[in-house]
Each structure stands twice: as structure tokens, then as C-alpha cells.
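**Q** quick one, structure for this:
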Amino acid sequence: MARYELLNNLSHGHLRVSSRFGDDYGDGVGMVEAFPTEFAEMQREYPIFLRKDPDGSWHAVALLGFGPSENLYVRDGAWHANYLPAVIARGPFLIGFQEQMVDGQLRNEPVIHVDLDHPRLRDGHGHPVFAPQGGNSPYLEKVLRVLRGIHAGVEGARRMYPDLDRLGLIQPVALDVKFDDAHQVNLTGLYSIDRDRLAALDSDQVYSLHTAGWLEGIYLLLSSLHNVPRLIAEKQRRLHEEAEGKAA
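**A** Numbering: from 1, shown residues only. Model prediction:
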């Protein structure tokens, strides 16, 4: 269970965030949330899909594996990709809001919270959060940039996905994969952009997507799907390794 505190260098000057990855650090997940602000980086390495929430809203996810706890990007304590998804890169930190007096007005200002029960804080090794003299460490500065990207991405997603939905661009995807004679999977609940519907948009609709800033994101979502065969190949490689290990 999470135990959040407002981050400060007096109470948390000793904190170190582990740089290792694995199930013990909470990385055994088959998908993670993705944000429009990171689509350009993510599409090079991860398949990105949309999912529909029970309330009818949409969110994007990066597919990491073919089961709820299968992360094919993690091996031997390392994350094997050049870009780390923002929800992973933020580690035990998140942005909260606190009422503060700014220029004589009471405003909700963003502040950083830390989850003291997060598994990356348990072993006491890794990246220091604060510098010896008390300022932010380079690691924390990087996390702050990640958190700002998430914050902007949440707002962008809130406006982008309903626009795509209204134009009928979001359609379900059938992901039925056979890895070998003994292993197959059928993933449901995933959505992507309908290429035919996109091609059928009139010039005004395309222009509206462009001016809103969503057109690039649409093509990044489509481009990300070339990573599905790569993910399948990694799954097949691991199944082959597993079979060889049992036979030895």
C-alpha cells in the first residue's frame, strides 16, 4: 500500500532509488499507461494501443508482454529498451497539488510526493535523490522532467482521445497470436486507429486534427504497431530458451 509524503531534503535526504528492474521492483506488468507527450519516443520500441475505461473514457497503453504480469523488456535485472516509459521512469514519485499563496492569490501549485513504501526504495542502493549539500540530484532533476511530461500528457490525452472517438477513428483490434504449436494468446480490449476511416476523413476534419495537434499522435500510434512482431519474436525466443532448459 502506498505511503505518500511531501518530498523534502530534510526528511528524505537519505533516500536512494534502485536502478535495477524486475518483479521485485513492481515491473512484472504486461502493459503500462502511455501519454501523448511520449509517443514520439515510445513508438520506436513499444506497441501502443488504446483502452476504454468503464466510464467510457480512453487511455493509451504500451504493450510489454502477452500476459498480465509478463514484461518482455526486462531481463537479468535490466530494462532492454532505449526509452523507459514515463510511469516507470518516475519511480516512487508523483505530482500532487497544494494550496499556496502566490502573488497574493491562493493557488493549487504542483508539488512532488514520494511513496515511501515503493519497492525501489527498499534496498537503500541506487540513485541518490538529493545531492550531499541538499540540492536536487541529477536523478531527481530527470524525474522532475518526467513528471512534467506526465502532467502535460494527462491533459493532452483528456482532450485528444474524445476528438478521435467522435471521428470514429478508434476501433477494436484483434490480437490473436500463435507463438508455436503449444502456445498462443488472444488479447482483447485493445483499440487502435482505423486506417480506412482516417483515409476517408475530409479536408476539414484532417485540418481540425492538425490544428489541434493530434494528427502527429495518430501517425505515431500507427507507427508503433511495427513493434508487435518484435515483441512476438522476443516471446518466441524465451519460449525456446525455456524448452531447451527443460530438455537439458
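**Q** residues touching Ile150, list them.
**A** By C-beta atoms under 8 Å, 6 or more residues apart in numbering, the contact list for Ile150 reads 35, 37, 86-87, 90, 95. In short, each C-beta sits where N, CA and C put it, glycine included.
**Q** are any of these buried, and which?
**A** The neighbour-count criterion (16 or more other C-beta atoms under 10 Å) marks 35, 37, 86-87, 90 among the contacts of Ile150 as buried.
**Q** returning to what we had before: lowest-confidence entry in the contacts of Ile150?
**A** Between those, the one the model trusts least by pLDDT is Ile95, at 88.
**Q** hang on, it in a strand?
**A** Yes: judged by DSSP: H, G, I helix; E, B strand; the rest coil, Ile95 forms part of a strand.
**Q** just the ones in strands from the contacts of Ile150, please.
**A** Counting by DSSP state E, those place Ile95 in strands.
**Q** between the contacts of Ile150, which is nearest Arg195?
**A** Phe35 (22.8 Å; C-beta to C-beta).
**Q** circling back: next, format the buried ones among the contacts of Ile150 as JSON lines and append distance to His210.
**A** JSON lines is the format used below for the buried ones among the contacts of Ile150 (distance: C-beta to C-beta, whole Å):
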{"residue": "Phe35", "distance to His210": "20"}
{"residue": "Thr37", "distance to His210": "18"}
{"residue": "Ala86", "distance to His210": "25"}
{"residue": "Val87", "distance to His210": "28"}
{"residue": "Arg90", "distance to His210": "31"}
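**Q** between these, which is closest to Leu231?
**A** Once C-beta to C-beta is applied, the member of the buried ones among the contacts of Ile150 that ends up nearest Leu231 is Val87, at 18.2 Å.
**Q** in CSV: the contacts of Ile150, plus distance to Ala152.
**A** Formatted as CSV, the contacts of Ile150 follow (distance: C-beta to C-beta, whole Å):
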residue, distance to Ala152
Phe35, 8
Thr37, 5
Ala86, 10
Val87, 14
Arg90, 13
Ile95, 11
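**Q** and which of the contacts of Ile150 is nearest to Gln236?
**A** Val87 (27.0 Å).
**Q** what's that closest one in contact with, if anything?
**A** Taking C-beta under 8 Å, 6+ apart as the test, what Val87 contacts is 32-33, 150.
**Q** same question for Val228.
**A** 47, 63, 175.
**Q** report pLDDT for the first one.
**A** To tie it back to what came earlier, the one meant is Pro47. Reported pLDDT for Pro47: 98.
**Q** of the contacts of Val87, which belong to helices?
**A** Counting by DSSP state H, the part of these found in helices is Ile150.
**Q** in TSV, list the contacts of Val87 along with distance to Phe179 and pLDDT.
**A** TSV is the format used below for these (distance: C-beta to C-beta, whole Å; pLDDT from 0 to 100):
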residue	distance to Phe179	pLDDT
Val32	22	98
Glu33	26	98
Ile150	33	95
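**Q** what is the least confident helix or strand in this protein?
**A** Sorting the helices and strands of the chain by mean pLDDT, DSSP states H and E puts strand 93-102 at the bottom, at a mean of 77.
**Q** look at Ala34 and report its pLDDT.
**A** Reported pLDDT for Ala34: 98.
**Q** tell me which residues of stretch 207-214 are tucked away?
**A** Across stretch 207-214, burial judged by 16+ other C-beta under 10 Å covers 209, 214.
**Q** what separates that stretch from the chain centre, distance-wise?
**A** 24 Å (C-alpha atoms, centre = their mean, to the nearest Å).
**Q** tell me the helices in this protein, going along the chain?
**A** Going by DSSP H, the chain shows helices at 39-42, 86-89, 138-166, 195-199, 203-212, 215-224, 227-247.
**Q** which one of those helices lies closest to Arg120?
**A** Across the helices of the chain, closest to Arg120 is helix 86-89 (C-beta to C-beta), at 9.9 Å.
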